[in-house]
Structure formats: structure tokens, C-alpha cells
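S.K.: need coordinates for the following:
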Amino acid sequence: QVQLVESGGGLVQTGDSLRLSCAASGRAFSTYGLGWFRQAPGNEREFVAGINHRGVRTYYADPVKGRFTISRDNAKNTVYLQMNSLKAEDTAVYYCAAEYVGSGQGSDEYTYWGQGTQVTVSA
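M.R.: Residues are numbered from 1 along each chain as shown. Down below sits the predicted model:
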């Protein structure tokens, strides 16, 4: 079992930066990959970024490439999502997910999910 708790969401303005954190507990952190997803009202949950268990491979959705960075600190059992140059369309609830089988870019590939943290970007 893996428990995930996200933090760091909030209300920011267009162009601002925000860093989300996801603290994991339970199974050994370094044994599974992690991902960030987001869901805006009326939309399906979509992939944002993923990272493998060692942290040497990362994946990004096209809308966030060059602006968002996923990283993990296996000593702190935490995965981060650094979000720069935020846009109004980045507004969503952001979810952390753990343990994927496959590409790491599909929500159905992940076993464990956090409760989500709201990010609102005002124009």
C-alpha cells in the first residue's frame, strides 16, 4: 500500500510559479514510478508529468513541456512538480499518482492516488 498527500496548491496570477509536493508513505518509495495528473471542471483527468522509480526518466504532456518540471527526492519520499509561467488553462485539481505499469502516461496505469490539490491561475 502507498499513501499520497499533495500540498502546495493555491491561487496565483498568470506568469507566476508554484511548486506542488506529494509526500508518500507505505511501501519503499524508490521502488515505484510517480506521476502528476490534473482535472479541470467538466474535463477528464489528464496526464501532466511522470517520473520513473530512479528519477532518471521523465515524461511530460505537450501543454506543459518547457514550463513544468517533475522531480523526486527518494530520501524524503517526496515527488515535486515545479510549475513556471502558469497560464489560466493550468487551473485544475492536481493529483499525485504512484506505481504505474506501462508508459506512465495513462491514468488507468496507476494504482495509488492522492486526494488532489487545487491550483487556480487568474488571468
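
S.K.: near the residue nearest to Phe68 when sequence neighbours are not counted, how many other residues are there?
M.R.: Nearest residue to Phe68 in three dimensions, chain neighbours excluded: Met83, at 5.1 Å (C-beta to C-beta, 6 or more residues apart in numbering). The C-beta positions use only the backbone N, C-alpha and C, and glycine is treated the same way. If you count neighbours by other C-beta atoms under 10 Å, Met83 ends up with 25.

S.K.: go ahead and confirm Met83 touches Arg19.
M.R.: Yes. At 7.0 Å, Met83 counts as touching Arg19 under the criterion of C-beta atoms under 8 Å.

S.K.: all strands for the protein, in order.
M.R.: Counting by DSSP state E, the chain has strands at residues 2-7, 10-13, 18-26, 34-39, 46-51, 58-60, 68-73, 78-83, 92-100, 110-113, 117-122.

S.K.: out of those strands, deepest packed?
M.R.: The highest mean neighbour count among the strands of the chain, using mean count of other C-beta atoms under 10 Å, belongs to strand 34-39: a mean of 24.

S.K.: relative to Gly26, how far out is the residue nearest to Phe68?
M.R.: According to C-beta to C-beta, to the nearest Å, Met83 and Gly26 sit 26 Å apart.

S.K.: same question for Leu4.
M.R.: As defined by C-beta to C-beta, Leu4 lies at a distance of 9 Å from Gly26.

S.K.: where's Val79 relative to Thr91, distance?
M.R.: Shown here: Val79 relative to Thr91, a distance of 21 Å by C-beta to C-beta.

S.K.: likewise Arg38?
M.R.: Taking C-beta to C-beta as the measure, Arg38 and Thr91 are separated by 9 Å.

S.K.: so what's in contact with the two at the same time?
M.R.: Among the neighbours of Arg38, those also in contact with Thr91 (C-beta atoms under 8 Å, 6 or more residues apart in numbering) are Val119.

S.K.: ok, now how distant is the residue most central in space within the chain from Ser25?
M.R.: Taking C-alpha atoms, centre = their mean, the centroid of the chain lies closest to Trp36, which sits 2.2 Å from it. Trp36 sits 18 Å away from Ser25, taking C-beta to C-beta as the criterion.

S.K.: same question for Thr58.
M.R.: The span separating Thr58 from Ser25 equals 23 Å under the rule C-beta to C-beta.
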